[in-house]
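Sequence isn't available, so here's the structure alone:
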């Protein structure tokens, strides 16, 4: 009886999450990369780049309904060490209710100076990004990656999800390297994960 109740509760929560995500996609399709939330498998794979032993903050971009946020926290990051920028005000309201100790910022990843003003000068361990980069012009994508890498120690990564076959930020456009990290079939649609780093030359 208990297991059945737990299963129904889990399914109801998942349905609620997908409904909220779909509503966000209807309201702002350019700001949401997919009509289905990222799978837990993909979220955990993205969060695997985080160093739980580090006390540095983690920067999350585009948390949506919080699937990746949850995976980052489960990885061992303290909620107060997670700073998450979300463009949708509705998502931010729900995220703050679900994860009250995480630093959610209502803003744009393309205006980092404003979004990160309370943490000016702060360094981050890594960046975990689910923003739909392919919806933006290539020069803006390259500039964003360069700006994010300025916030990280040398060699630490940005992990980015995309649904295209190629990296949304191509190699050879700036002072970063591009590495294919994973192809997650158990995601709808299947997801490609990419890593961007700046290394010593």
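Ah, there it is. These numbers were taken from a predicted model, which means no experiment stands behind them.

Straight-line length of stretch 52-63, end to end?
The first and last residues of stretch 52-63 sit 19 Å apart, counting by Cα to Cα, to the nearest Å.

Can you list the buried residues in it?
For stretch 52-63, the neighbour count (16 or more other Cβ atoms under 10 Å) marks 54, 56-63 as buried. Glycine gets a C-beta too; all of them are placed from N, C-alpha and C.

okay, those residues in TSV with secondary structure, pLDDT and distance to residue 178 next?
Below are the buried residues of stretch 52-63 laid out as TSV (DSSP: H, G, I helix; E, B strand; the rest coil; pLDDT from 0 to 100; distance: Cβ to Cβ, whole Å):
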residue	secondary structure	pLDDT	distance to residue 178
54	coil	87	24
56	coil	92	23
57	strand	97	24
58	strand	98	21
59	strand	98	19
60	strand	98	20
61	strand	98	17
62	coil	96	19
63	coil	96	24
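
and of the residues you listed, the nearest to residue 128?
Set against residue 128, the nearest of these by Cβ to Cβ is residue 60 (5.0 Å).

Next up, the contacts around the closest one.
Counting by Cβ atoms under 8 Å, 6 or more residues apart in numbering, residue 60 touches 68-69, 72, 82-85, 127-129.

any idea how far residue 185 is from the residue nearest the centre of the chain?
Of all residues in the chain, the one closest to the mean position by Cα atoms, centre = their mean is residue 129, 3.1 Å from it. Distance, residue 129 to residue 185, by Cβ to Cβ, to the nearest Å: 21 Å.

picking up where we left off before, ok, which pair from the buried residues of stretch 52-63 is furthest apart?
Farthest pair in the buried residues of stretch 52-63, by Cβ to Cβ: 54 and 62, 22.2 Å.

what's the following helix or strand after the helix or strand bottoming out on mean pLDDT in the chain?
Of all helical and strand segments in the chain, the minimum by mean pLDDT, DSSP states H and E falls on helix 2-27, at a mean of 49. Where DSSP states H and E defines the elements, the next helix or strand beyond helix 2-27 is helix 40-47.
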